[in-house]
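K.L.:
Prediction below, plus the sequence it came from.
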Amino acid sequence: MLVSKSPSLLKNYNSLSSILKKSLKSKLPNNGTNIFSSMSKLAMENKAINLSQGYPDFEVDPILINSVAKYMKLGFNQYAPMPGVLRLREVISKKISKNYNQHYNEHDEITVTAGATQAIFTTISALIHPNDEVIIFSPSFDCYQPAVELNGGIPVFVEMESPDFNVNWNTVEENISSKTRMIIINSPQNPLGTIMSKKDMTNLERIAEKYDLIILSDEVYEHLVYDNKKHLSICSFPKLFNRSIAIFSFGKTFHVTGWKLGYVVAPKQLMSEIRKVHQFNVFSANHPLQLAVADYLENEEHFLRLNHFYEQKRDLFLEIISASRFQAKACSGTYFQLLNFSLISEIADTEMARDLTINNGIASIPISVFSHFKNDEQNLRFCFAKKEETLKRAGDILVKI
Ligand code: PMP
Ligand code: GLN
């Protein structure tokens, strides 16, 4: 029998839990641990090759690592300025001017954040009021909906159309009401690997103007666009940029997802509201990392060839799995490849992802978990931000299934 060594503590705990039973009401009753944590855990437990959660398995450039160490040794270990290190904001401003032909003032239109996730949460907290409706495409990355709901907003989901996951802009328009405040877009799109076309952007421009909407544009994969296609940043559309917030992540661009460093850009009027929240969310982002990234970002060589680097990985993965029974969906951007397994099995994608991890030693992400409508078209997402040898080992497993 279990006899407590601290009976008084146990008593306190019991009375606390009975109080909480009455007063604890979840703000996110439908959310558990997210799919990235669960699949990575399952991969680890089963010693599976982890192509589920999106992160690179190769080395970070030692120049960048040494530069962080240098700034730490030089003593930059206290708080950075609230909006971010000014020199980093200057370099970001130049980069956007050059790549997207739009000027953001480093003083009041750019803020450095603790990753894109914080930038997204902060932006939504600053701009969405209770009962405001926000259009979110489905399937989509998992952090938009909870951020809207925690701020009292109402997510309104618009399904991407099968089999190519195009946006139907008529459906978008049908879902707009007098309460709609914002549309969240994400191009290149995680988990689908699609990108927005010029026509999509023209439709977005028309709808945003007609209904006076704010656009939150998640562009963390801006440099991961393939087959000579071009990333269309919201920043480069003169009619859209005035009503838009664009969000970026150094985690993706410099292979350092664990650093959680990103930035948000928006016209002054919007940014001033975003900063009011940012200062209470985190106050400021990691100081030595910002200084190192500022130096590194100045050299365009460090990001302009990223598309070729990842395109080779995508092509290697596609070449290997072409001998398998998996069918590849088109991947124009991101470092995720969707594979359809309907020729192999009729089971649910969640079950297939579990099964492949436990029995075949390869972890992926089932797409239905990103779908508000729980649509299961038997697609799994595989991350190809991996060394050649990892991709070959993974491919060898997949061709045998
Ligand atoms: N948006 C999308 C579409 C992503 O894939 C990610 C990466 N997890 C993020 C935002 C968050 O980026 P970060 O790791 O910089 O918070
Ligand atoms: N962006 C990464 C992915 O899509 C991981 C995100 C996370 O772990 N929260 O896999």
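P.N.:
Looks like it arrived, so ask away. Ligands and ions are numbered 1, 2, ... in the order given.
K.L.:
can we go C-alpha only for contacts and neighbour counts from here?
P.N.:
Will do.
K.L.:
ok, G395 - how many residues close by?
P.N.:
Using other Cα atoms under 10 Å, G395 is surrounded by 21 other residues.
K.L.:
Could you look up the SS state of it?
P.N.:
Three-state call for G395 (DSSP: H, G, I helix; E, B strand; the rest coil): helix.
K.L.:
Quick one: residues contacting it.
P.N.:
317, 320-321 (Cα atoms under 8 Å, 6 or more residues apart in numbering).
K.L.:
now do D227
P.N.:
So D227 contacts 311, 332 (Cα under 8 Å, 6+ apart).
K.L.:
Likewise for F336?
P.N.:
54, 190-193, 381-385.
K.L.:
now with 7 Å?
P.N.:
Residues in contact with F336 (Cα atoms under 7 Å, 6 or more residues apart in numbering) are 191, 193, 381-384.
K.L.:
can I get those residues in CSV with distance to L261?
P.N.:
Shown next, in CSV, are those (distance: Cα to Cα, whole Å):
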residue, distance to L261
P191, 21
G193, 22
R381, 24
F382, 24
C383, 21
F384, 22
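K.L.:
Now flag whichever of those residues is closest to G84.
P.N.:
Of all the contacts of F336, P191 has the smallest distance to G84: 29.5 Å, by Cα to Cα.
K.L.:
what sits against that closest one?
P.N.:
140-141, 336, 381.
K.L.:
Remind me which helix or strand it belongs to.
P.N.:
Assigned by DSSP states H and E, P191 belongs to no helix or strand.
K.L.:
and it, what pLDDT?
P.N.:
P191 carries a pLDDT value of 98.
K.L.:
Could you list which of the contacts of G395 belong to helices?
P.N.:
Among the contacts of G395, the residues falling in helices (DSSP state H) are 317, 320-321.
K.L.:
Need these in TSV (columns: distance to ligand 1, neighbour count and pLDDT).
P.N.:
Shown next, in TSV, are the ones in helices among the contacts of G395 (distance: Cα to the nearest ligand atom, whole Å; neighbours: other Cα atoms under 10 Å; pLDDT from 0 to 100):
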residue	distance to ligand 1	neighbour count	pLDDT
F317	20	22	98
I320	25	17	96
I321	24	23	96
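K.L.:
for the nearest residue to L318 once chain neighbours are set aside, what are its contacts?
P.N.:
The shortest distance from L318 to any non-neighbouring residue, by Cα to Cα, 6 or more residues apart in numbering, is to A328 (7.3 Å). Contacts for A328 (Cα under 7 Å, 6+ apart) come out as 338-340.
K.L.:
In this protein, which residue is most central in space?
P.N.:
F141 (5.9 Å; Cα atoms, centre = their mean).
K.L.:
mind checking how far it is from ligand 1?
P.N.:
5 Å (Cα to the nearest ligand atom, to the nearest Å).
K.L.:
Provide a list of residues in contact with the nearest residue to that residue once chain neighbours are set aside.
P.N.:
Nearest non-adjacent residue to F141, counting by Cα to Cα, 6+ apart: N190, 5.8 Å away. For N190, the contact set (Cα under 7 Å, 6+ apart) comprises 140-141, 334.
K.L.:
Mind doing that once more with 8 Å?
P.N.:
Residues counted as contacts of N190 (Cα under 8 Å, 6+ apart) are 140-141, 334, 336.
K.L.:
Now it. Its backbone dihedrals?
P.N.:
phi -100, psi 120 (degrees, to the nearest 10).
K.L.:
just use 26 as the starting number from now, easier for me
P.N.:
All right, first residue 26 from here; so that's N215.
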